[in-house]
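Engineer: Following is a predicted model, sequence given first.
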Amino acid sequence: MKVKLIRTGGFIPVTKAAETEVNLTDKELVRLLEVIQQDPKAHRIKDGNYYELNAGKYSSPVDLEKVPHEYKALFSKLKNDLKIIK
């Protein structure tokens, strides 16, 4: 399954994305998305960076501070691979 991390916002608003192949079941993916989901009550910071994770039929805003230890390497790779989308 392919997962795609999309970053929006920032001081200079540029959209960036990175994609990679992972071996996750739907159940594991849903659990991950529940854990890292951004708090809907959190205030949006002007010029802040915001992330969204897309995987198959799933898409959710994410809080990278909540990523469980076993997925840190995956998210680190995705963040390092972010490229500007035109």
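Structural biologist: Cool, the structure landed. A quick note: this is a predicted structure, and the numbers were derived from the prediction, not measured.
Engineer: Dig out what I6 forms beta bridges with.
Structural biologist: A17, E52 (DSSP bridges).
Engineer: residues touching the closest residue to G48 other than its chain neighbours, list them.
Structural biologist: Using C-beta to C-beta, 6 or more residues apart in numbering and skipping residues adjacent in sequence, the residue nearest G48 is G9, 5.4 Å away. (Glycine included, C-beta is placed from N, CA and C.) Applying C-beta atoms under 8 Å, 6 or more residues apart in numbering to G9 gives the contacts 47-50.
Engineer: Quick check: which element contains E34?
Structural biologist: In this structure, E34 sits in helix 26-36 according to DSSP states H and E.
Engineer: let me fix that: F75
Structural biologist: helix 72-80.
Engineer: Run through who's touching whichever helix or strand comes after that helix.
Structural biologist: Toward the C-terminus, helix 72-80 is succeeded by strand 83-84 as the next helix or strand (DSSP H and E). By C-beta under 8 Å, 6+ apart, the list of residues contacting strand 83-84 from outside reads 14-18.
Engineer: Out of those residues, the closest to N54 would be?
Structural biologist: Nearest to N54 out of these is A17 (C-beta to C-beta; 8.8 Å).
Engineer: The closest one and V3, how far apart?
Structural biologist: A17 sits 11 Å away from V3, going by C-beta to C-beta, to the nearest Å.
Engineer: can you give me the angle the helix holding E34 makes with helix 72-80?
Structural biologist: Put simply, helix 26-36 runs at 70 degrees to helix 72-80, going by axes from the mean of the first three to the mean of the last three C-alpha atoms, to 10 degrees.
Engineer: what's helix 26-36 packed up against?
Structural biologist: strand 49-55, strand 58-62 (3 or more C-beta pairs under 8 Å, 6 or more residues apart in numbering; DSSP states H and E).
Engineer: Cool, thanks, signing off.
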